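1. When you get a sec, could you give me coordinates for this:
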Amino acid sequence: MLPMLSTFIPPEIQNTIIEQCQSDPSLLSLCSLVSKQWLACARCWIFAACQARLAVHCDEKQGTTRLITLLLTPGSTLAPYIQNVIVEGPNLHHRATSGFDLQAEYELLNTLIIDYLSRMQGIRIIQLSAFPWDHLLPQAQAVISSLPCVTSIILKDMTFRRVSDLWLLSRTRFSGLEALKLWRVTMEEHSFSTCNVGRMSIFPRLRFLDIVLDDKPCLLLSPSSAYINPEIIDTLCLGNVSMNDVALVNIFIMATGPALRHLALDIAQSATEAAISTIAVHPFPISLHQNTSLQTLEISTLLLHPLKRRRTSQWLYDMLSTVTSPKLTTLNLWFTTRPKWSPGMFDFPPLERCLLQLKDTDSGADDHLLLSALATVRLNFLHTYPWDEDDHTFLAEQLRAHLPILHERGMIDVLFR
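-> Numbering: from 1, shown residues only. Below you'll find the predicted structure:
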């Protein structure tokens, strides 16, 4: 019998093969059976697409129990490979005034963090959801603060006593953090702490910032904040922007300057209505003229109004007229309406004229046109009224008739949601 020959595959070739299989879990599972070396590499890709959950409310306890069982299995090597984790507290929105022992659930939450989250030292993405930060024991806060590989934090339905508590989650201050998402985060004391944060921003590598604003002015975007350096933000997503926030948002967007490549603005309905009522006196105060490297721009949600179509659209044109980036390739616009909609509810021809005027205007730099790269204008329509395919087809044809030149150039993309 011939002896078995050991075949050595260089690590770079092994990694290339496994990376080609990253979107197919079944192939990754097969790769993990080849050898111990392949197992370790394949596991990284398998768990990159998986999300572990440590939750205390009844709906998710079964999954949490299964995860704990796997972690406690003798000889288990699972913990270091977990990269994406949700830590979820009591879902207060579904808790009635009585019938739930919140104290017991917070004790369980602290136990889950101290005993099990601490084992997962490879976490790159962590979401903290639905609990007040100060309900965590110091030991639990320390576990979260000591995770060494975190590059993305998502805070959802969280409560912090002070703005500084939100940022000072850790002693290390997550110096490697690249993405931060704050969705409906509440500050009980809505002012900056006097704590010394130094001259440097807390998150020096932060490139992706996603904030859903509340009904108070967003101090996190204030020029006096030392927590974020806007000059390195590559992607900015701001939701529920009210008139209270518009001035701060404008200052922050201008401060991002040429670093900003992707911008998504969700303008609150109250702000659009206020803009409609004041647009004749003051232009909408968000300017994009400093963002000379902007590649994608998304604006939502434009409320269609049959009686105020010109003023509804004017604040949008005011903003678009400030675009100076020759690199903008995609413009995404979201519209919503309650009654059955027709193109006459929005003044579309000026939108075409506005974009064409910018597209055919010399930027003054190296003979480039302002919107020379603009290739797609995507119109997304949200509606609650039941529309059939014939409605979609008819309305899409009407839109193309209202935007004939953009349609002729193949730039219009109409989507119904």
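
2. Could you list the paired strands of whichever strand or helix holds Leu209 along with their orientation?
-> Following DSSP states H and E, one finds Leu209 within strand 208-212. Under the criterion DSSP bridges, strand 208-212 sits next to strand 179-183 (parallel), strand 235-241 (parallel) in its sheet.

3. now what about the shortest one, what contacts it?
-> The reference is to strand 179-183. 151-157, 166, 203, 206-212, 220, 239 (C-beta atoms under 8 Å, 6 or more residues apart in numbering). (C-beta placed from N, C-alpha, C; glycine too.)

4. excluding its backbone neighbours, what's nearest Asp134?
-> Nearest residue to Asp134, sequence neighbours excluded (C-beta to C-beta, 6 or more residues apart in numbering): Arg161, at 5.7 Å.

5. about what we covered before: JSON lines please, covering the strands paired with strand 208-212 and showing mean pLDDT, distance to Ala373 and mean neighbour count.
-> Shown next, in JSON lines, are the strands paired with strand 208-212 (pLDDT from 0 to 100; distance: least, C-beta to C-beta, whole Å; neighbours: other C-beta atoms under 10 Å):
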{"stretch": "strand 179-183", "mean pLDDT": "89", "distance to Ala373": "26", "mean neighbour count": "19"}
{"stretch": "strand 235-241", "mean pLDDT": "92", "distance to Ala373": "18", "mean neighbour count": "20"}
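
6. and those as a markdown table, adding distance to Pro10?
-> Output for the strands paired with strand 208-212, formatted as a markdown table (distance: least, C-beta to C-beta, whole Å):
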| stretch | distance to Pro10 |
| --- | --- |
| strand 179-183 | 33 |
| strand 235-241 | 36 |
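
7. Hmm, Asp157 is touching Val212, no?
-> No - counting by C-beta atoms under 8 Å, Asp157 stays clear of Val212, with 10.1 Å between them.

8. list the residues that contact both of those two?
-> Residues touching both Asp157 and Val212 by C-beta under 8 Å, 6+ apart: Trp183, Arg184.

9. Just confirm Ile153 is within a helix.
-> No - per DSSP: H, G, I helix; E, B strand; the rest coil, Ile153 lies outside any helix segment and is strand.

10. all strands of the stretch 251-400 of the chain, in order?
-> 262-267, 296-303, 330-337, 376-383 (DSSP state E, counting those that start in this stretch).

11. chain center to the last one: distance?
-> It refers to strand 376-383. 19 Å (C-alpha atoms, centre = their mean, to the nearest Å).

12. Give the rounded mean pLDDT of it.
-> Computed over strand 376-383, the mean pLDDT rounds to 88.

13. Mind giving me the packing neighbours of it?
-> With contacts taken as 3 or more C-beta pairs under 8 Å, 6 or more residues apart in numbering; DSSP states H and E, strand 376-383 sits against strand 330-337, strand 412-416.

14. and Asn110, how far is that from Leu137?
-> 5 Å (C-beta to C-beta, to the nearest Å).

15. Over to Thr186?
-> As for Thr186, its distance to Leu137 is 21 Å (criterion: C-beta to C-beta).

16. again with Ala55
-> Ala55 sits 18 Å away from Leu137, going by C-beta to C-beta.
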